[in-house]
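*Asks:* no sequence on this one, just coordinates:
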């Protein structure tokens, strides 16, 4: 059947290549319509309570996506030239289509008061920058006297100013962010320093980084693979054919996504690089087998058919385990990983199928190669082979010390693993030096902080927020938040106190919540009738509102602690009819961090089970499947322990490490086990078979691992810190799993005579099928 | 035009007193007539007007708010000024019911160009009166409604910001009656940062008041709709009774209802509009 299939391919090689080429051409065009989805909120499970809380809050209070522009002036912002730039920024930013409103240090409305009057108007007269020293001094006094502006629009020490841009509901965040950046670039000349922050800008930045990553990483990985292929084949066709196959797989994978409108996520965008690193082996195997066949003097047609038929089983097995590894991500809680897993699995299947269809067809069309095949005997007698053989001989000769060493290492690494921290934040993903994160750092340094937490206070009845007792409770909560490191809070309590103060001629005694509900209500009515917008601090009917807290960027553990403490406080202090709940991004990202752990753990189990079952099916033995998992388990232990000890956090990218390691690293164990069984059939001695396996298969395993690791290492050039870490960790995982396969597996194999090693899998499967047939 | 003067116009928008004869007319002339219609002239308006306004805001989130206002309005000539001097229109808005009972906004708007308007606020729960000084423009919304001050103020703002052309004449159904209207298309004047990229305005030919307004964004999307849903009769004139504003971007709807429009039983005294007397204002004395 298999042979008939490859015979047909070879006999219709032109048609096959033509059809594949035509289909590829058709799928190239949709690539240009591919869109990206970098909204982290969509990566979460939509049924997750944290996600639902955040979405409900957005529905009630509107988009809380702000763009923030910081102006940092060496001599402080209260200088005529700096203020003039701020004025230009405010004017031009407000004119950008899609911008609903801006809050800036010049145009922000403030309330001034006297014994007889309230003066509501822009902080700077007419919203224009003051020019003279006297005007600037008066303006400074006015601005710094408003508590709600300090730390939000002007740094407490006057060193920086911020302009907050609110977008219209249906505005394109991407387009507005781009326009804001253009304005900032044009206005933002030295000596001041300008930076942009905010979720929308983060998305623009992410999208652009993804694009530039692809432009950079794909050529690098292609170059790396060319080098690997050259070293392996020493021929042009040896480079071109396997590369073409993987390139086709990438087009076939992403083309339909463009047609179906499936957006490229922050994980799937890196798949071309991963696929090139992983999938190159399939075509390479066919090429190498063909080289062996043709070197025996067979006619080209026969050599191609024999090579494809002979290697197809091994290639399919290698592909299946990788597919299994990726599909294990389907058990993950977060849709991001499920989508990544399915897309990656489809990519691997495509690479696999194309390798088995296109490579034989191309080989049939190309002239026969010159002979470059390496004799196996020479390989087995090389220095590396001898070293590997000696190492395994040492291990199987005195297994106990090695076993003790391995167990000690396992215990040591196991102790470190619980120190592994999770961090689903943008900073963990992008890295501190990324331009978007630098913008957040500016807000940390000069303002109240780039992180926001939101707590919704819901009384479920109209005007419930006007109760002075509740407002006092909210003040207590805000005070508590400050003890947790929240630098600034904003809520209806600020508004009520500010109005009360101003209505009483700035008498500090009145910067307090009025004693009567009617007084609160009338102050708020004054604000509403003046056209004041309550924003997120209160719904229009005052049944509910948000307390917004600003704090500097924090890692996952700090956020988790913050969320835990706040929730405990809310549970203890807000009982009865009033519901108080965290609803904003802090609780969302905390939940995402916990889901990362949940996804990782479920993924370790599911990928282990799937890979074990696939190996069991291939080897015809569950024991073999279990043994093949040992080096992988050891590898993951090494990887997670190193992450924990080096401070590399578990993030959205590194959460996939188990599935990729399992799916790819398993090949080395399979390779070793298959060769060991073959050696055992020839020489029923465990130790000698293990040593010979190391001398023959060991070299191939190491080269294979090095090639894949080289592909993963390309991710070091990524603009995303998470992918740089992932690349390094995967490369480490490949080498560790190869090393473990070459050392731990021999140790296990010689501990007893395993039945699966005594008979070939095909025989066992055949006998199994025959038994079933008889029973029927 | 400031927000405080617009607040007065809100009270007076329902009592347009000038009539317009229907003849060939340009869009800008119609806008001029609309603004004139807001001016209170003659002996009738000096008598003053009493009316009640209800504002009902229904938000897309399901939340609702409402305000009830008792309004006393009057246009006077300052006795200290020459006989031909411009008038000053003033209005007192008293909050009725709920926690806001007793709050008062007092607005005085001189007709003369360049004369500043003044606005006073009395907060009954504190027993304090303050003058409100403001640089605010009219972009804010009135009483948390979907209607901005400029939407309500109508023609004056439109005349400053937009150029108008008459598209057609037609009959517009308002409640159960058909009204002859001009349909105007308004586009922003060069250099003006107008609220809408395009407006359509249905202007009643007899009363020079708009009966329907549609505001469009730069992309041609209808974003705001204000409709006079029913008319009432006041001293032989048809005046708006119910005005509905819809913000089609947010889904919020506001309804302004006018009721009980009448003349005061006796002339309004100067003390009624004296900021120092706001604390002693008794709505019952005016039949509210």
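*Replies:* The structure has been received and is ready for your questions. Given the structure is predicted, the values throughout are model-derived calculations rather than measurements.

*Asks:* Please count neighbours and contacts with C-alpha atoms only from this point.
*Replies:* OK.

*Asks:* show me what contacts the closest residue to residue B:166 other than its chain neighbours?
*Replies:* Counting by Cα to Cα, 6 or more residues apart in numbering or on different chains, residue B:166 lies nearest to residue B:184, which is 4.5 Å off, once chain neighbours are set aside. Neighbouring residues of residue B:184 by Cα atoms under 8 Å, 6 or more residues apart in numbering or on different chains: B:27, B:164, B:165, B:166, B:167, B:168, B:199, B:200, B:201, B:202, B:203.

*Asks:* Of the residues you listed - the most surrounded one?
*Replies:* residue B:202 (26 neighbours; other Cα atoms under 10 Å in any protein chain shown).

*Asks:* now the helix or strand in which that residue is found: how far from the chain's centre is it?
*Replies:* Using DSSP states H and E, residue B:202 falls within strand B:198-204. Distance of strand B:198-204 from its chain centroid, counting by Cα atoms, centre = their mean, to the nearest Å, is 16 Å.

*Asks:* what's next to it, contact-wise?
*Replies:* B:179-188, B:209-218, B:220.

*Asks:* Could you turn the buried ones of those residues into a PyMOL selection?
*Replies:* Per 16 or more other Cα atoms under 10 Å in any protein chain shown, the buried members of those correspond to this PyMOL selection:
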select buried, chain B and resi 179+180+181+182+183+184+185+186+187+188+209+210+211+212+213+214+215+216
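
*Asks:* which neighbours does the following helix or strand past the strand holding residue B:202 have in its sheet, and in what orientation?
*Replies:* Once strand B:198-204 ends, the next helix or strand along the chain (criterion: DSSP H and E) is strand B:210-216. With DSSP bridges as the test, strand B:210-216 is paired with strand B:198-204 (antiparallel), strand B:222-234 (antiparallel).

*Asks:* Quick one: distance of strand B:210-216 to the chain centre.
*Replies:* 15 Å.

*Asks:* can you check stretch A:674-687 too?
*Replies:* That offset, for stretch A:674-687, works out to 43 Å (Cα atoms, centre = their mean).

*Asks:* quick one: buried residues of it?
*Replies:* Buried, per 16+ other Cα under 10 Å, within stretch A:674-687: A:674, A:675, A:676, A:677, A:678, A:679, A:680, A:686, A:687.

*Asks:* Save those residues as CSV, and put in distance to residue A:658, pLDDT and secondary structure too.
*Replies:* Supplementary listing: the buried residues of stretch A:674-687 in CSV, determined by distance: Cα to Cα, whole Å; pLDDT from 0 to 100; DSSP: H, G, I helix; E, B strand; the rest coil:
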residue, distance to residue A:658, pLDDT, secondary structure
A:674, 23, 81, helix
A:675, 26, 81, helix
A:676, 26, 86, helix
A:677, 27, 83, helix
A:678, 30, 79, helix
A:679, 31, 83, helix
A:680, 32, 84, helix
A:686, 31, 84, helix
A:687, 31, 86, helix
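
*Asks:* before we move on, the earlier item: pretty sure the residue nearest to residue B:166 is in a strand, no?
*Replies:* Yes: under DSSP: H, G, I helix; E, B strand; the rest coil, residue B:184 sits within a strand.

*Asks:* Pairing partners for it in the sheet, please.
*Replies:* residue B:166, residue B:201.

*Asks:* so what's residue A:658 closest to, chain neighbours aside?
*Replies:* Closest to residue A:658 by Cα to Cα, 6+ apart is residue A:604, at 5.7 Å.

*Asks:* cool, and residue A:248?
*Replies:* Per Cα to Cα, 6+ apart, closest to residue A:248 is residue A:24, 6.7 Å.

*Asks:* Quickly find the element holding that neighbour.
*Replies:* helix A:13-28.

*Asks:* Show me what secondary structure element comes after that helix.
*Replies:* Counting by DSSP H and E, what follows helix A:13-28 is strand A:36-37.

*Asks:* Next secondary structure element downstream of that next one?
*Replies:* Defined by DSSP H and E, the subsequent element after strand A:36-37 is helix A:49-61.

*Asks:* Rebuild the buried residues of stretch A:674-687 as CSV, extending it with distance to residue A:549.
*Replies:* What follows is the buried residues of stretch A:674-687, written out as CSV (distance: Cα to Cα, whole Å):
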residue, distance to residue A:549
A:674, 60
A:675, 62
A:676, 62
A:677, 64
A:678, 66
A:679, 67
A:680, 68
A:686, 66
A:687, 66
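
*Asks:* Which two of those have the greatest separation?
*Replies:* Greatest spatial distance in the buried residues of stretch A:674-687: A:674 and A:687, 15.4 Å, computed using Cα to Cα.

*Asks:* list the contacts for residue A:59?
*Replies:* Contacts of residue A:59 by Cα under 8 Å, 6+ apart are residue B:61.

*Asks:* Touching, residue B:178 and residue B:171? I think so.
*Replies:* Yes: using Cα atoms under 8 Å, residue B:178 is in contact with residue B:171, at 5.8 Å.

*Asks:* Please identify which of these two sits among more neighbours.
*Replies:* Neighbour totals were compared for residue B:178 and residue B:171, and residue B:171 leads with 14 against 11 (other Cα under 10 Å).

*Asks:* Give me the pLDDT value at that one.
*Replies:* Listed pLDDT for residue B:171 reads 94.

*Asks:* likewise the one 4 residues further on?
*Replies:* Looking at residue B:175, its pLDDT reads 85.

*Asks:* Tell me the spacing between it and residue B:231.
*Replies:* Per Cα to Cα, to the nearest Å, residue B:175 is found 7 Å from residue B:231.

*Asks:* Counting neighbours, go ahead and name the busier of the two.
*Replies:* Neighbours per residue, other Cα under 10 Å: of residue B:175 and residue B:231, the larger number sits with residue B:231, 20 against 12.

*Asks:* remind me which residues of the chain are low pLDDT?
*Replies:* Just going to use chain A. A:62-65, A:169-170, A:370-381, A:529-533, A:759-776 (pLDDT under 70).

*Asks:* you looked at the wrong chain, it should be chain B
*Replies:* In chain B, residues with pLDDT under 70: B:1-24, B:35-46, B:78-86, B:111-115, B:134-157.

*Asks:* where along it do the strands fall?
*Replies:* B:49-58, B:64-77, B:87-95, B:104-110, B:118-123, B:128-134, B:162-174, B:177-188, B:198-204, B:210-216, B:222-234, B:237-247, B:252-262 (DSSP state E).

*Asks:* Since that was my last question, I'll sign off now.
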